[in-house]
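Peer 1: A predicted structure for the sequence below; I have some questions about it.
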Amino acid sequence: MRKFLPLLVIFCCLVLSSTNLSAQFNPAKGCIVDLSTGECLPNTILSAVPFLRIIPDARSGAMGDAGIGLNPDPNAMHFNSAKLAFVDKEMSISATYTPWLRDLGLDDVYLAYLSGFRQIDELSSVGFGLRFFSLGDINFTGPNGENTGFGSPRELEFAVGYARKLGENFSTGLNAKYIYSNLASGQSVQGIDINAANAFAVDLSLFYTKPITISSYESDLNIGMTISDVGSKITYTNNSAKDFLPMNMGLGAGLTINFDEFNQMTFAFDINKLLLPTPVSNSICEEVNGILECVDNPLWDENNNNIADYREQGMFNALLGSFGDAQGGFSEELKELNYSFGIEYWYDQQFAVRTGYYYENQLKGNRQFLTVGLGLKYNVFGLNLSYLVPTNNRRNPLDNTLRFSLIFDFTQEADL
């Protein structure tokens, strides 16, 4: 059994904490700064159950996590279920295994994902997705190192979806999902009992696809949009402060160029933004005549209950306000956008080579990495592999890790 209690404790503290940020906001720089150095500090947006944002598909995992505008496959349930209205098979299933924190020597932490679809008729399809995140086996300890029990933290998401064409080139999709998170049920921290958490959420997605011609080459242009994980707030305790699900808006495009019957290339580009409140500093500092003066930020806790007001917002207020609530203004809002770019080359629809790049601003998480991967397809069977290469000094849970997906097409091409 592996012990990684420190990781779990850090996560729980992030979820349960209602304390303020220790740094102050500097309007002149448009960011939260370290008073000792004057340098901008990270102000990452946090949520509960972040496992919902882990890319579960090795194909997109090899393309910089881009997937909203790719051609439809069983993993569309995670990226954009509206794509399922345009599937070219009657039924297909995908299974993905993603080792997690393997670079740290942990062998019992992983994400498993099973998804698929079934075409109802030429206008509509249904899909499902089952995500299971195992955090391994843990011997819990107290503040003095005493043994407080044994546990197997785990999280789960089950989703069902429906996609339907609204026109020759346009479709919409709707997912309903149940979310379960059990990190340390039965334990307590500073007298606060920890329970398993449950939530319900929905995804809404749109998809547009159209055949086009580029320099005499037959091509397909896809454009997609999705708003995911919009649902009830979640809590692991009986505290009044609950935490948001990782509500997200994604825009994506994909362009597939068929050079001839043997050679095909796809370009994909996604932009994602969490629809959550930006953390607010508890004080504001300005330099006056060479002296740094700080005052309490009245927007941090207007109701004086010692809980940051941005954490107490309702779901819809947080979603709508997430486009303009950053203390740093529009420039900080732009920093909250994440970018994915991927390229895929197929030879004879049997062998694929993929690469991609993912970028997140250094003040908003600083995930920046290059991805590579391969794909093989033979009759009704497909295999996808991906590998992540970090491009900065930020450790990634997928560093030096190989993940893979298996795809099974159980029927011949469906009627479109």
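Peer 2: Here it is on my side, so go on.

Peer 1: Tell me which residues touch the residue most central in space within the chain, please.
Peer 2: With distances taken as C-alpha atoms, centre = their mean, Arg53 lies nearest the centre of the chain, 2.0 Å away. Contacts for Arg53 (C-beta atoms under 8 Å, 6 or more residues apart in numbering) come out as 246, 248. The way it works is simple: take the backbone N, C-alpha and C, and place the C-beta from them, glycine included.

Peer 1: swap in Phe86?
Peer 2: 72, 165, 171, 207, 209, 416.

Peer 1: again, 7 Å this time
Peer 2: Applying C-beta atoms under 7 Å, 6 or more residues apart in numbering to Phe86 gives the contacts 72, 171, 209.

Peer 1: before we move on, the earlier item: separation between the residue nearest to the centre of the chain and Ser47?
Peer 2: 8 Å (C-beta to C-beta, to the nearest Å).

Peer 1: any idea how far stretch 383-400 is from the chain center?
Peer 2: 15 Å (C-alpha atoms, centre = their mean, to the nearest Å).

Peer 1: Please list the outside residues in contact with that stretch.
Peer 2: Outside stretch 383-400, the residues touching it (C-beta under 7 Å, 6+ apart) are 58-59, 61-62, 100-101, 103, 366-376, 401-406.

Peer 1: can you check stretch 359-372 too?
Peer 2: The contact list for stretch 359-372, computed with C-beta under 7 Å, 6+ apart, reads 31, 40, 42-45, 61-64, 335-336, 338-339, 354-358, 386-392, 394, 396.

Peer 1: For ChimeraX, write the selection for the buried entries among the residues you listed.
Peer 2: Remark: buried members of the contacts of stretch 359-372, expressed as a ChimeraX selection using 16 or more other C-beta atoms under 10 Å:
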select :31,40,43,44,45,61,62,63,64,335,336,338,339,354,355,356,357,358,386,387,388,390,396
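
Peer 1: Among the contacts of stretch 359-372, name the ones in helices.
Peer 2: Using DSSP state H, 61, 335 are the members of these that sit in helices.

Peer 1: Of the contacts of stretch 359-372, which belong to strands?
Peer 2: 31, 338-339, 354-358, 386-390 (DSSP state E).

Peer 1: Pull the most distant pair out of the residues you listed.
Peer 2: Greatest spacing in the ones in strands among the contacts of stretch 359-372, by C-beta to C-beta: Cys31 and Arg354 (35.5 Å).

Peer 1: Overlap in contacts, Arg53 and Ser47.
Peer 2: Pro246.

Peer 1: Report pLDDT for the residue in the chain sticking out farthest from the centre.
Peer 2: What lies farthest from the middle of the chain is Asn289; by C-alpha atoms, centre = their mean that is 44.7 Å. Note for Asn289: predicted pLDDT of 70.

Peer 1: on that earlier part again, report the buried members of the contacts of stretch 383-400.
Peer 2: By 16+ other C-beta under 10 Å, these give 58-59, 61-62, 100-101, 103, 367-369, 371-375, 401, 403-405 as buried.

Peer 1: Filter these down to the ones in strands?
Peer 2: Counting by DSSP E, these place 368-369, 371-375, 403-405 in strands.

Peer 1: Next, the buried residues of the host helix or strand of Ser125.
Peer 2: Under the criterion of DSSP states H and E, Ser125 resides in strand 124-135. For strand 124-135, a neighbour-count test (16+ other C-beta under 10 Å) marks 125-135 as buried.

Peer 1: ok, of these, which one's closest to Ser181?
Peer 2: Closest approach between these and Ser181, by C-beta to C-beta: Phe133, at 8.7 Å.

Peer 1: partner residues bridging the closest one?
Peer 2: Judged by DSSP bridges, the bridge partners of Phe133 are Leu111, Glu155.

Peer 1: do you know how far it is from Leu156?
Peer 2: For Phe133, the distance to Leu156 - C-beta to C-beta - is 7 Å.

Peer 1: thinking again about what came up before, which other helices and strands contact the strand holding Ser125?
Peer 2: helix 76-79, strand 109-119, strand 154-165 (3 or more C-beta pairs under 7 Å, 6 or more residues apart in numbering; DSSP states H and E).

Peer 1: just to revisit the earlier point, for the residue nearest to the centre of the chain, grab phi and psi.
Peer 2: Recorded main-chain torsions at Arg53 are phi -100, psi 0, according to degrees, to the nearest 10.

Peer 1: Excluding chain neighbours, give the residue nearest to Ala159 in space.
Peer 2: Lys177 (3.8 Å; C-beta to C-beta, 6 or more residues apart in numbering).

Peer 1: List of residues touching the helix or strand harbouring that neighbour?
Peer 2: Assigned by DSSP H and E, Lys177 belongs to strand 170-182. For strand 170-182, contacts defined as C-beta under 7 Å, 6+ apart pick out 49, 77, 80-82, 84-86, 153-166, 196-208.

Peer 1: same deal with stretch 221-234?
Peer 2: Residues contacting stretch 221-234 (C-beta under 7 Å, 6+ apart): 48-49, 52, 68-69, 71, 79-80, 82-83, 197, 199-210, 212, 242-255, 315, 319.

Peer 1: try 6 Å this time
Peer 2: Stretch 221-234 has contacts (C-beta atoms under 6 Å, 6 or more residues apart in numbering) with 48, 52, 68-69, 80, 197, 199-210, 212, 242-255.

Peer 1: Count the residues that sit near Gly191.
Peer 2: For Gly191, the neighbour count with other C-beta atoms under 10 Å is 5.

Peer 1: any idea how far Asp88 is from it?
Peer 2: For Gly191, the distance to Asp88 equals 57 Å [C-beta to C-beta].

Peer 1: Gly365 now?
Peer 2: Counting by C-beta to C-beta, the gap from Gly365 to Asp88 is 36 Å.
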